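Trainee: Need the 3D shape of this:
(chains A, B, C and D)
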Amino acid sequence: MIEHLPVLLVTVPIVAALLILLLGWHDSRFCYPLTLATILFQFAGGIALLIEVMREGTIHYYLGGWAPPLGIEFVIDTFNGYILPIVLLLALATAVYARRSVEKEIKPEKIVSFYVLFQLLVTGLVGMTITGDIFNLYVFLEISSIAAYTLIASSRKPRAYVAALNYLVLGSIAGGFVLLGIGNLYVATGTLNMADLARLLPASYGLATVHTAFLLLVIGFSIKVALFPLHLWLPDAYTEAPSAVTVLISTVMAKVSVYAMFRVIFSVFTTAYFVETVPVTELILFIAAVAIVAGAVLAIAQEDLKRMLAYSSVSQVGYIVFALGVANQIALEGGLLHILGHAVMKGCLFMVAGVIIYRLGTSSFSDLKGVAATMPVTCAAFALAGASMIGVPPTIGFASKYYLVLGALEAGHWVYAAVLLAGSLLAVGYIWRFIEVAYFSASSHHEGGDHHPAPGVREAPLSMLVPMVILSILCLVLGIFVDPLMKIVAPAVSLLLGGA
Amino acid sequence: MVDVTGLLPAVTVVIPLLAAVMILVSGRHENIRDGFTVAAAVAMLVSVVAMLPSILSGERITISLIPLLPGGDLALRVDAFGMVFALTAAVLWLLNSFYSIGYMRSLKEHAQTRFFFCLAVAIAAAIGIAFSANLVTLLVFYEILTIITYPLVVHVETPEAMAAGRKYLAYLLIGGIFFLAAVILTYILTGTTGFVPGGFLAGSAPPLTLQILFVLFMVGFVKAAWMPLHGWLPAAMVAPTPVSAFLHAVAVVTAGVFGIVRIAGWVYGMDLLASLGLGTLLAVIASFTIITASLFALTEDNLKRRLAYSTVSQLSYILLGVSMLSIAGMTGAMAHIPIHAFLKITLFFVAGAVIVAAGRERISDMKGIGRKMPVTAVMFSAAAIGICGLPPLSGLISKVYLALGAVEGGVPILLIVLIASTVLNAAYFFPIIHTMLLGRPDDERSLDSVSEPPLTMLVPIVLTTVASVLIFFFPSMPFMDLVEIAIGEITGSVIP
Amino acid sequence: MNVKALLAVLLIGVILFWAVGDMPAFGDPQSPATRYTGKLYVDLALQDVGVENIVTAILASYRGFDTLGETVVIFTAGISVALLLRRGGRL
Amino acid sequence: MEAVLEAFLSHYNYGMAIILMMIGLYALIAKQNLVKKLIGLNIFQTAIFLFYISFADVEGGIAPIYLPEGMEAIYVNPLPHVLILTAIVVGVSVTAVGLSLIVRIYEEYGVIDEAGLLKMVKRR
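Mentor: Numbers count the residues shown, from 1 in each chain, chains lettered A, B, ... in the order given. Okay, the predicted model is just below:
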């Protein structure tokens, strides 16, 4: 069983998606438990693979028994062994969270197809994470993208259709660029296997074909991760999507896209190429710094919680890409830590936004006055995850920021280190918007009791509250126990820097 | 110096955190909730005092909790200087707890659960700062303190309070960023951030780098409210009075000056500071702050705001002491931390008592108020005299050491600063005393409804004043002894 | 005429044309792709898979997993269209 | 001059694909009509397919289907054909989803051009 686990992580959910469809056709109540069970299985599998990798080293799985370069292989090493549980943890949390919010936000007749697509999206992302073949990566990328377009459009709001179409157009351009980049790599080397590519590429480092492939792949993935200024699809997509979908794409999908970018840059091109052959690190640093600042400034300017969080994602992606630009051990440790940290905290924050929409029907700041009095746990979760976003010690957000700044200073990037620090101040600017509105919005009554609750507004239902609170507590726990975490992260970074 | 491992430092930090959780849980039942506050305060004081004998015997209690980041584990180490701060905070928190309960209940303030929760976490952070074994740990608790005191500052939730809160946050968080940068830089330069008596930076970098680093640290410790970065402190006066007392005496500003002394003694070391010429920089900042803040205080009619400027001025005494880079100056600086805290908390307690009992905040409205609340007014006068540095109150002690330091260090101009400041202190405090005790109200009847505040408030006022007197008569018990050990630690010598 | 779009497209075009210079000539039998995996497939497909059409052999066997992915893409698109366009019903 | 001509003649296949890509991309970005955008997307994708297929060619090669035993032949590279079979399916799927979205947008807003849509979205 364990030796076939990699392929099972992808095929079982595909079968499960069919089952969800068939059983759901019969009775739509089957959908949710089936989805949950499948993702639970994947999560357990992800953890098992991580343990296996930590113990035994890299796992290669030849699909159909065909060895590369002829066949496709799945590779689980310390890097995606670390990413995979993150992806599945967030997917699991979202799945638990989804039930109530889906009941409210999705038309009943669409629920079956919603869960099928939800399952397919997660599966596509898992496939992207574990595949060792670059064209296979593209196929899974498109599976998850198509599922994401539709899921975004599945909310009842007509605007969601526009947002989804925008995303579809830009996503397809990104997909096209990636496909073209893969084509160029294939022309230059004749192989599609990533390890094989890394082996063959150095001979062709001087070719314009390779440079173009690098550019196309980086631009393509930059669109997918919404790196400023290619983020234009993101705010609408995040804002208009149903809450559960927003949580899923803002955490899992965004992180897997980042993973794919890192994987291609480090494991296919290797540091020897992008640090020495074409010195683009300065440019990457500059773009990342601009993304950090611009995203945060735009976030501060928003009047809607969900939209603000969307722009915050633009800013936070900058931190992760920043690590790429510094490209030394300690900064990359910070970057990988931030992949985890940002997934956890942004997942929690978007869950809060979803809960607020679930209860209040809106997430506009002007309607959220004093909401902390009626939804104390929700707002406390926001406060904790928000503190992590700002980088207040001892949260995970602080730890990743610490590593990033340390790495930047070690590499001598003084100015950029200052930008990083300033970025976390800007994060205060937008996180505090909500804190002030929710907790301290001008209650004129000073009699003994607390704020008067608005009629009909209550704390969120338990199934939404639990994953949210767990994620927010994780922000703190991961931050405190960051040292054991580094035992997984550090080898992953060594692997990236050491080449394929 | 003997390092012993012990659990008590961690216990001391955890006690108020546990209490904070219990406060949240029991929020609906006022008495139970406030019971937890008091119980935690007592427990924490016991725990701190339990460590006192071993500290006085020259031991240091250490505990490393968990590995955190490169540069420092989350580790606590109780030494004599940390004990000075911790003991001050623990004693004052107990008194402040009673006072807060009385104050909040008398005014029927809203969101009391939030209030006491934040106070409990904040005191945990303050103790954490006192016991930090390295810069990383110090940073962690320092930032927690910043964030958790914000809800206290904006407690009344008026637009004015929100604006003040933003200012508060802006100053302190920007300061925190500088502090973070300084910590990381220190780690890059030396590969460590653990405090070493006498400093560990010497020779690790060119002078210019170390000078810049020191400026980073100074901005980082903006909680010390040195001018011109003091703006947040008067703004924060919109908070309820127990919060002001907490900010000014128990934790926040104390944490700022504590940090600067820590950096001076345990990161740089006095010799290095002297060779870098940083003493002069500190002396200029401190002198400027002492004089200017006193002048500002003169112009304020609002009692709490005048006290705020007084704090700004008094805190710089500590910087001034450090800047002398002599044993006497350093002694004065360290001694001034508890001495100022005990005196200033009395003044704030009184300001709050006047608000509760008479509803007045402006000094010009307080004419003759001492007739109706004699105990309160007398205590105020005593503490004010103490701040001016007159016997028989503790303020004299630190002033003598500072003066000694000025003479010893051969910088008589600092002596002039001290004298000028004393005159200015008198100039802004004596009118208040005069107004309270001897003033004649414009309308005699307006005083009819005024009486002494409730006992939960009055008793802390009396106790803090008595403490200041006791410190004057028995200075070595235990503060000066602790300071002596701390000085011995960083200089290897003994107080003359 | 949208100038911004034109400029963006021209920029991409320049990048792509730049790459063309280093590409193997049209129909070059010595190109890396043809020489390496292309030849491997041609040499091995019959004995490995036993199908005369090499494309089929790769599609169904060597890279069969891609084909599974392809099927899932269609499945995803089908469900998507159903979700978007159907009214009522149970799907 | 001759070298340039030589280079052109030996690489014109790529050039054609790239020109098609640019046409498609331009339509995708600049066209106001949503359906025309999707047509642009299709041209773009098809151009990429063309690019793949053209570099699969081997001079004098035949379709990669084995001739009867004993007959020698040069086969073209089979792999890009396989890849493009998959990519075509992806392209079709994306187009289908895109068109469904446009249908829905038309139902909701009554317009399928971008400027009009922008106005409608703002009005609501």
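
Trainee: And the residue of chain D that's closest to chain B?
Mentor: Going by CB to the nearest CB, chain B is nearest to residue D:122 of chain D, at 31.8 Å. Just so you know, the C-beta spots here come from the backbone N, C-alpha and C atoms, and that holds for glycine as well.

Trainee: Quick check: the gap between that residue and residue A:244.
Mentor: 27 Å (CB to CB, to the nearest Å).

Trainee: Then residue A:140?
Mentor: 21 Å.

Trainee: do residue A:362 as well
Mentor: 18 Å.

Trainee: can you check residue A:78 too?
Mentor: 31 Å.

Trainee: higher neighbour count, those two?
Mentor: The neighbour comparison of residue A:78 against residue A:244 (other CB atoms under 10 Å in any protein chain shown) goes to residue A:244, with 28 against 21.

Trainee: which ones are touching the more buried one?
Mentor: Residue A:244 is in contact with A:94, A:97-98, A:101-102, A:105, A:118, A:354, counting by CB atoms under 8 Å, 6 or more residues apart in numbering or on different chains.

Trainee: Quick check: residues of chain A near chain D?
Mentor: Within chain A, the residues that sit near chain D (CB under 8 Å from any CB of the partner chain) are A:135, A:138-139, A:142, A:145-146, A:149-150, A:153, A:158-159, A:161-162, A:164-165, A:168-169, A:172-173, A:175-176, A:179-180, A:183, A:186-187, A:192.

Trainee: Now intersect the residues you listed with the helices, please.
Mentor: A:135, A:138-139, A:142, A:145-146, A:149-150, A:153, A:158-159, A:161-162, A:164-165, A:168-169, A:172-173, A:175-176, A:179-180, A:183, A:186-187 (DSSP state H).

Trainee: Give me the buried entries from those.
Mentor: A:135, A:138-139, A:142, A:145-146, A:149-150, A:153, A:158-159, A:161-162, A:164-165, A:168-169, A:172-173, A:175-176, A:179-180, A:183, A:186-187 (16 or more other CB atoms under 10 Å in any protein chain shown).

Trainee: can you narrow these to ones near chain C?
Mentor: Counting by CB under 8 Å from any CB, the members of those near chain C are A:135, A:139, A:142, A:146, A:149-150, A:153, A:180, A:186-187.

Trainee: For stretch A:299-313, list every residue counted as buried.
Mentor: A:299-300, A:302, A:304-313.

Trainee: Just put those in CSV and tack on secondary structure and pLDDT.
Mentor: Below are those laid out as CSV (DSSP: H, G, I helix; E, B strand; the rest coil; pLDDT from 0 to 100):
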residue, secondary structure, pLDDT
A:299, helix, 93
A:300, helix, 92
A:302, coil, 92
A:304, strand, 91
A:305, helix, 92
A:306, helix, 92
A:307, helix, 92
A:308, helix, 93
A:309, helix, 93
A:310, helix, 93
A:311, helix, 93
A:312, helix, 93
A:313, helix, 93
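
Trainee: Save those as JSON lines, and put in distance to residue B:375 too.
Mentor: Output for those, formatted as JSON lines (distance: CB to CB, whole Å):
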{"residue": "A:299", "distance to residue B:375": "54"}
{"residue": "A:300", "distance to residue B:375": "51"}
{"residue": "A:302", "distance to residue B:375": "54"}
{"residue": "A:304", "distance to residue B:375": "55"}
{"residue": "A:305", "distance to residue B:375": "51"}
{"residue": "A:306", "distance to residue B:375": "56"}
{"residue": "A:307", "distance to residue B:375": "57"}
{"residue": "A:308", "distance to residue B:375": "53"}
{"residue": "A:309", "distance to residue B:375": "54"}
{"residue": "A:310", "distance to residue B:375": "59"}
{"residue": "A:311", "distance to residue B:375": "57"}
{"residue": "A:312", "distance to residue B:375": "54"}
{"residue": "A:313", "distance to residue B:375": "59"}
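
Trainee: quick one: which of those is nearest residue B:299?
Mentor: Residue B:299 has its nearest neighbour among these in residue A:300, at 35.7 Å by CB to CB.

Trainee: Let me know the secondary structure of the closest residue to that closest one other than its chain neighbours.
Mentor: Leaving aside its sequence neighbours, residue A:300 sits nearest to residue A:429 (CB to CB, 6 or more residues apart in numbering or on different chains; 4.4 Å). Applying DSSP: H, G, I helix; E, B strand; the rest coil to residue A:429 yields a three-state assignment of helix.

Trainee: Dump the ones next to chain C among the buried ones among the ones in helices among the residues of chain A next to chain D to JSON lines, plus distance to residue A:15 and pLDDT.
Mentor: As requested, these are exported to JSON lines (distance: CB to CB, whole Å; pLDDT from 0 to 100):
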{"residue": "A:135", "distance to residue A:15": "23", "pLDDT": "93"}
{"residue": "A:139", "distance to residue A:15": "18", "pLDDT": "94"}
{"residue": "A:142", "distance to residue A:15": "20", "pLDDT": "93"}
{"residue": "A:146", "distance to residue A:15": "19", "pLDDT": "94"}
{"residue": "A:149", "distance to residue A:15": "23", "pLDDT": "93"}
{"residue": "A:150", "distance to residue A:15": "20", "pLDDT": "93"}
{"residue": "A:153", "distance to residue A:15": "26", "pLDDT": "91"}
{"residue": "A:180", "distance to residue A:15": "33", "pLDDT": "93"}
{"residue": "A:186", "distance to residue A:15": "31", "pLDDT": "91"}
{"residue": "A:187", "distance to residue A:15": "36", "pLDDT": "88"}
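
Trainee: Which members of those residues are the farthest-apart pair?
Mentor: A:153 and A:187, at 36.4 Å, using CB to CB across those.

Trainee: any idea which helix or strand carries the closest residue to residue A:144 other than its chain neighbours?
Mentor: When the adjacent residues along the chain are set aside, residue A:144 lies closest to residue A:124, with 3.1 Å between them (CB to CB, 6+ apart). Per DSSP states H and E, residue A:124 falls inside helix A:111-130.

Trainee: now for that helix, which elements pack on it?
Mentor: Where contact means 3 or more CB pairs under 8 Å, 6 or more residues apart in numbering or on different chains; DSSP states H and E, helix A:111-130 is packed against helix A:5-26, helix A:31-56, strand A:73-76, helix A:78-105, helix A:134-153, helix A:243-248, helix A:254-262, helix C:64-85.

Trainee: returning to that earlier point: and the residue nearest to residue A:144, how many neighbours?
Mentor: The burial count for residue A:124: 29, using other CB under 10 Å.

Trainee: wait, isn't it in contact with residue A:141?
Mentor: Yes. Using CB atoms under 8 Å, residue A:124 is in contact with residue A:141, at 7.3 Å.

Trainee: Could you tell me which ranges of the chain sit under the pLDDT cut-off?
Mentor: Using chain A here. Chain A contains residues with pLDDT under 70 at A:1, A:442-456, A:499-500.

Trainee: you looked at the wrong chain, it should be chain D
Mentor: D:1, D:123-124.

Trainee: Indicate the residue of it located nearest to chain A.
Mentor: residue D:108 (3.9 Å).

Trainee: touching chain A at all, the strand or helix carrying residue B:47?
Mentor: Element membership of residue B:47, judged by DSSP H and E, is helix B:30-56. No. On the criterion CB under 8 Å from any CB, helix B:30-56 is out of touch with chain A, staying 8.6 Å away.

Trainee: What helices and strands are in contact with the helix or strand just after that helix?
Mentor: Downstream of helix B:30-56, the first helix or strand assigned by DSSP H and E is strand B:59-69. Using 3+ CB pairs under 8 Å, 6+ apart, the elements in contact with strand B:59-69 are helix A:396-410, helix A:482-497, strand B:2-5, helix B:8-25, helix B:30-56, strand B:72-78, helix B:135-153.
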